[in-house]
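S.K.: can you look at this prediction? I've put the sequence above it.
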Amino acid sequence: MATPSWIDKLQNRWQLKSAGQVIIILIVFACTGFTVMGIKPWITEVIFQDMHPLWFSILYWLLILPIYNLFLLIYGFIFGQFKFFWAFEKRFFNRIFRRPN
């Protein structure tokens with residue numbers, strides 16, 4: 001069975017060894033997204049019960065980036081792709097905090 005072209009493109013772009021590794025990495029991204037998506041309602045219910053203050057929403061959006069990246073590394077470790085995600089994180093933060101020339 002031939003792999004779809006988009007998987008081949010991701011495999012080449014990410015310099016991966018197999019199409020299966022691409023699928024595992026996509027699963028890690030999906031698991032991370034679902035986890036982060038599920039955190040907010042749980043936290044707001046536990047801490048604030050029925051009241052959802054505006055400042056919590058603002059704080060959540062500011063803190064979601066480091067939380068997402070932490071979960072990305074955790075799931076990457078669980079699925080055996082930590083090395084890929086560690087390099088991914090380093091590239092990501094280098095782009096964010098790059099100093100102007």
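M.R.: Looks like it arrived, so ask away. Residues are numbered from 1 along each chain as shown.

S.K.: residue nearest the centroid of the protein?
M.R.: In the chain, the residue lying closest to the centroid (C-alpha atoms, centre = their mean) is residue 72, at 4.2 Å.

S.K.: residue 85 is in contact with that one, correct?
M.R.: Yes: counting by C-beta atoms under 8 Å, residue 85 is a contact partner of residue 72 at 5.5 Å. In this view, the C-beta of every residue, glycine as well, is placed from N, C-alpha and C.

S.K.: joint contacts of these two?
M.R.: Here residue 72 and residue 85 share the contacting residues residue 28, scored by C-beta atoms under 8 Å, 6 or more residues apart in numbering.

S.K.: rewinding a little: which residues sit in contact with the residue nearest to the centre of the chain?
M.R.: 28, 29, 32, 85, 88, 89.

S.K.: ok, and the most crowded of those?
M.R.: For the contacts of residue 72, neighbours were counted using other C-beta atoms under 10 Å, and residue 28 has the most, 25 neighbours in all.

S.K.: give the contact list for that residue.
M.R.: Applying C-beta under 8 Å, 6+ apart to residue 28 gives the contacts 72, 75, 76, 79, 81, 85.

S.K.: now tabulate these in a markdown table and tack on distance to residue 66.
M.R.: Putting the contacts of residue 28 into a markdown table (distance: C-beta to C-beta, whole Å) gives the following:
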| residue | distance to residue 66 |
| --- | --- |
| 72 | 10 |
| 75 | 15 |
| 76 | 15 |
| 79 | 20 |
| 81 | 20 |
| 85 | 14 |
